[in-house]
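# here is the input, now give the coordinates:
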Amino acid sequence: MERMTNGPAHAPEIMANVHFIAIGGSVMHQLAIALKTKGYRVTGSDDEIFEPSRTNLRLAGILPDTLGWDPARVTADLNAVILGMHARADNPELLRAQELKLPIYSFPEYIYQESRNKTRVAIGGSHGKTTITSMVMHVLQQCRLQFDYLVGARLEGFEQSVNITDAPLIVCEADEYPASVIEKRPKFHFLHPQVAVLSGIAWDHINVFPTFDNYLEQFAIFIGTMEPGGRLIYNETDETLRQLVEKEGRHLVLEPYGMPEHVIRNGITRVRFGNASTDLMVFGGHNLLNIHAALLVCRALGIGDIDFLAAIATFKGAAKRLELVGKSEETAIYRDFAHAPSKVKATIQAVKAQYPERKLIAVLELHTYSSLSAGFMKEYAGALDPADEAAVFYSGHALEIKRMPYLAPDVIREGFGRKDLQVFTNRADLEQWLDGRQYPNANLLMMSSGDYEGLDLAGLKKYLPVQKPQS
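Got it, this is the predicted structure:
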């Protein structure tokens, strides 16, 4: 697929001089640091840079001296200009780069240019892609293989979330969100992987893909970007995905996966593949599916099942994915990034299945454009049903930022299909409700891609019952 930029159609072999427009982004600044570490000359600019990006860039020696945009930073000797998501079409540095006819890349377009001679693994889907990517990375690291990567979360054992070296392999979390302001196609359309995973399809990003058919089309296009003979690993338990893959993936080697054999004893999940089995540090049906996908990726990369299971047994999970805040003998508190309906359902079912005898108290923050849209609310029908007590929180400030209309609590209750659902719009009321719950023999699950207006999640440990000393 030809790259759509204002520069030449083919990138230079060596991109030693690179400028980032909007360098402060969570992933952009990580790529900038990776290229600096590789030995490139890296410059950048932004109109605001928050922590931890600011400190990370400063320690790498590439924090801009001043905030704001300056066309003088864009010079004719640049090999590449990398355009961040929040840069606008009238950005003066972008206009200068276009005037000089410099090669302009979105993040994924540039990743492809850096990995044209590598084996590319792309892990996509509406849910689970961060976790599957993290699982594969963890196993590859434990097996001491050299590889590059990009992933959308912090992972224990990895200093960066992006790494670009001369390794022969790159593992990419493949996002369906648009690449940049001048490249509206989804990010995963640019990776052209030899090995890919699709974990499932559940409508999301309605501000970009206003209909489900439009959203589905992006996955069909992604399948079409793969070269004949490529390997597509897909979740056959998702009927929509299965039908799409069978229709669009005839030029590929198709490898379905499903729920692996497993047992749960005393809150510990043990998984089995063939004659090999291991206990896991993660749990939930969605994570068992994720592990099966990761196993098939690692098989394709030459890793045996025994080595895979030995490595995956020590995988603790990606940051904010069923992350344990604290636990006692009879109570556990988890935080999770879940926000889209399919993710909420999977996460809440996982906790309930792992601890079937415990009461479950679940809190969901509506934070994204889709989740705050009244017309989208019906997609959440039944999502919180497994919880014994449930609450939804959203901030009026989030609506203001996104320029969205008031969202009535009754619309939320109707969408979720739960009349006893508690709805809060300010942190103090939510905290008061949490203070009033009973936590012995109960779990608390906090789900959000936001921060509940600054709620101290670590402080939730106060709800853990004090253990009685044994006599």
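
# alpha carbons only for contacts and neighbour counts from here, please
Will do.

# Three-state assignment for H19, please.
strand (DSSP: H, G, I helix; E, B strand; the rest coil).

# and the helices in the stretch 301-450 of the chain?
Listed from the start of the chain, the stretch 301-450 of the chain has helices (DSSP state H, counting those that start in this stretch) covering 305-312, 341-354, 396-401, 409-416, 427-435.

# so which bits of the shortest one are buried?
Of the residues in helix 396-401, those scored as buried under the neighbour-count criterion (16 or more other CA atoms under 10 Å) are 398-399.

# and that helix, average pLDDT?
Helix 396-401 carries an average pLDDT of 74.

# could you do the second one as well?
Rounded to a whole number, the mean pLDDT of helix 341-354 is 90.

# what about the stretch 251-400 of the chain, any weak spots by pLDDT?
Across the stretch 251-400 of the chain, not a single residue meets the criterion (pLDDT under 70).

# next: the stretch 1-150 of the chain.
Scanning the stretch 1-150 of the chain with the threshold set as pLDDT under 70 gives 1-15.

# just to revisit the earlier point, check the helices of the stretch 301-450 of the chain for me and report the most buried one.
helix 341-354 (a mean of 21; mean count of other CA atoms under 10 Å).

# could you give the angle of it to helix 409-416?
70 degrees (axes from the mean of the first three to the mean of the last three CA atoms, to 10 degrees).

# next, format the helices of the stretch 301-450 of the chain as a markdown table and append distance to R231.
Shown next, in a markdown table, are the helices of the stretch 301-450 of the chain (distance: least, CA to CA, whole Å):
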| stretch | distance to R231 |
| --- | --- |
| helix 305-312 | 18 |
| helix 341-354 | 25 |
| helix 396-401 | 41 |
| helix 409-416 | 38 |
| helix 427-435 | 47 |
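
# closest to the centroid, which residue in this protein?
Central residue of the chain (CA atoms, centre = their mean): T130, 4.2 Å from the mean position.

# which element is it on?
Using DSSP states H and E, T130 maps to helix 129-142.

# contacts for the next helix or strand after that helix next, please.
Downstream of helix 129-142, the first helix or strand assigned by DSSP H and E is strand 148-150. When contacts are defined by CA atoms under 8 Å, 6 or more residues apart in numbering, strand 148-150 is touched by residues 137, 161-165, 167-173.

# what mean pLDDT does the helix or strand just after strand 148-150 have?
Once the chain leaves strand 148-150, the next helix or strand it forms, by DSSP H and E, is strand 162-163. For strand 162-163, the mean pLDDT works out to 94.

# so which elements touch strand 162-163?
Judged by 3 or more CA pairs under 8 Å, 6 or more residues apart in numbering; DSSP states H and E, strand 162-163 is in contact with helix 28-38, strand 148-150.

# mind putting those in a markdown table, distance to L252 included?
Output for the helices and strands packed on strand 162-163, formatted as a markdown table (distance: least, CA to CA, whole Å):
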| stretch | distance to L252 |
| --- | --- |
| helix 28-38 | 31 |
| strand 148-150 | 23 |
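
# as JSON lines, those with distance to P440 and mean neighbour count would be great.
Below are those laid out as JSON lines (distance: least, CA to CA, whole Å; neighbours: other CA atoms under 10 Å):
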{"stretch": "helix 28-38", "distance to P440": "42", "mean neighbour count": "21"}
{"stretch": "strand 148-150", "distance to P440": "40", "mean neighbour count": "22"}
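
# so which of the helices of the stretch 301-450 of the chain gets nearest R88?
Of all the helices of the stretch 301-450 of the chain, helix 396-401 sits nearest to R88, with 16.9 Å by CA to CA.

# now A220: which helix or strand?
Going by DSSP H and E, A220 is in helix 212-224.

# what sits up against that helix?
Residues contacting helix 212-224 (CA under 8 Å, 6+ apart): 176, 186, 188-189, 201, 203-204, 209, 244-245, 248-249.

# same check, this time on stretch 296-306
Under CA under 8 Å, 6+ apart, the answer for stretch 296-306 is 136, 139-140, 195, 197, 233, 273, 276, 295, 308.

# just give me the neighbour total for the residue lying closest to H86 once chain neighbours are set aside.
Among residues not flanking H86 along the chain, A22 sits closest, at 6.8 Å (CA to CA, 6 or more residues apart in numbering). A22 has 24 neighbouring residues, counting by other CA atoms under 10 Å.

# close enough to count as contact, A22 and A87?
Yes - counting by CA atoms under 8 Å, A87 is a contact partner of A22 at 6.1 Å.

# got the phi and psi for N91?
Note on N91: its backbone torsions stand at phi -60, psi 130 [degrees, to the nearest 10].

# and what of the one 5 residues further on?
Geometry field for R96 lists phi and psi as phi -70, psi -40, criterion degrees, to the nearest 10.

# and the closest residue to H339 other than its chain neighbours, how many neighbours does it have?
Closest residue to H339 apart from its sequence neighbours, by CA to CA, 6+ apart: S448 at 5.6 Å. By other CA under 10 Å, 23 other residues sit near S448.

# what about S448, distance to S371?
11 Å (CA to CA, to the nearest Å).

# now for those two: what residues contact both?
H339.

# in three-state terms, label the nearest residue to D279 once chain neighbours are set aside for me.
Spatial nearest neighbour of D279, excluding adjacent residues (CA to CA, 6+ apart): R270 at 4.2 Å. Following three-state DSSP, the label given to R270 is strand.

# mind listing what the nearest residue to Q142 once chain neighbours are set aside touches?
In space, and not counting its chain neighbours, Q142 is closest to A311: 5.9 Å by CA to CA, 6+ apart. Shown in contact with A311 (CA under 8 Å, 6+ apart): 138-139, 142-143.

# related to what we said a few turns ago, check which helices and strands the following helix or strand past the helix holding A220 sits against.
Where DSSP H and E defines the elements, the next helix or strand beyond helix 212-224 is strand 231-235. Strand 231-235 is packed against strand 195-198, helix 239-248, strand 253-257, helix 285-300, with contacts defined by 3+ CA pairs under 8 Å, 6+ apart.

# which elements pack onto the second one?
Using 3+ CA pairs under 8 Å, 6+ apart, the elements in contact with helix 239-248 are helix 212-224, strand 231-235.

# if you count neighbours, what's buried in the shortest one?
Neighbour counts using 16+ other CA under 10 Å place 231-235 of strand 231-235 among the buried residues.
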